[in-house]
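**Q** using only what follows, build the 3D model:
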Amino acid sequence: MEVDSEAWQWTVIAGAGELGIEVSPEQARAMSIHARELLQWNRVSNLTAITDSVEVAIKHHVDSLAAVNMIPQGAQVLDAGAGGGFPGLPIKIVRPDLSITLVDSVRKKTSFLNYTIGKLKLSNIQAVHGRLEDLGAQSAYRAKFDVVICRALSALEDFVALSLPFLCARGSLMAMKGPQAEHDHEIDDIDDDVLVLAGNRLKIDIHRYTLPVIGDERRLVRLTRAWL
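**A** Numbering: from 1, shown residues only. Okay, here's the model as predicted:
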């Protein structure tokens, strides 16, 4: 199956539908363009280890959409460590009302992202090259975002420490985790709805779901400040 085929697009539409998310044919076509460019650029740049077309559809694009219905209307969203554009680009395609900033510390990845943004003619989205530690100290980014999201491969403590400076007072952190994540046991061990992470009291909500077609389990962890 080619990533720019109608069958690939239908895989995204049907897969998202199983998660309760509506994707139009036009939005699926936009995601197929993203997927095609991702795989083409990947031949010379290390953007993704996932290259099978079905896995790109499900593990990248459909999985990225799992958070779509949890993001407030018109929110300012930061994708922390966007890599090849996940989850930020698929979210933007389905939610044009959002303003999204994609951050990655690897310049070739932000170059790819800005190229793809231009090719898709998306507005109110940009890719920024930089380290989260540095950008979080800058006034242009500090406390400016309603949502900071990441397909988190690190421990929640590290994710909170890096991401909380970007978050506005009533905002949410969202960590998307798979079952093979190195620190995934920390989620299974949680038996309270308030945690102290990086010196902050945070309310935690865990949304568990299963990816269609391939059956992989996923967890979307949402953290918000627990005000006294």
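**Q** distance of Val106 from Gly84?
**A** 10 Å (CB to CB, to the nearest Å). Every residue, glycine included, has its C-beta placed from N, CA and C.
**Q** neighbour count: the two, which is higher?
**A** In this view Val106 and Gly84 are compared by other CB atoms under 10 Å, and Gly84 has more residues nearby, 24 against 15.
**Q** doesn't Tyr115 make contact with that one?
**A** No. Look at Gly84 against Tyr115 with CB atoms under 8 Å: they stay out of range, at 11.8 Å.
**Q** anything in contact with each of those two?
**A** Taking CB atoms under 8 Å, 6 or more residues apart in numbering as the contact rule, Gly84 and Tyr115 have no neighbour in common.
**Q** show the pLDDT at Asp188.
**A** pLDDT recorded at Asp188 is 61.
**Q** tally of neighbours for the closest residue to Ala7 other than its chain neighbours?
**A** Distances taken as CB to CB, 6 or more residues apart in numbering place Met1 nearest to Ala7, at 5.2 Å, with adjacent residues excluded. Around Met1 there are 13 other residues, counting by other CB under 10 Å.
**Q** repeat that for Val160.
**A** Val160 is flanked by 22 other residues according to other CB under 10 Å.
**Q** beyond the host helix or strand of it, next helix or strand please.
**A** Using DSSP states H and E, Val160 sits within helix 156-163. Following helix 156-163 in sequence order, the next helix or strand is strand 167-177 (DSSP H and E).
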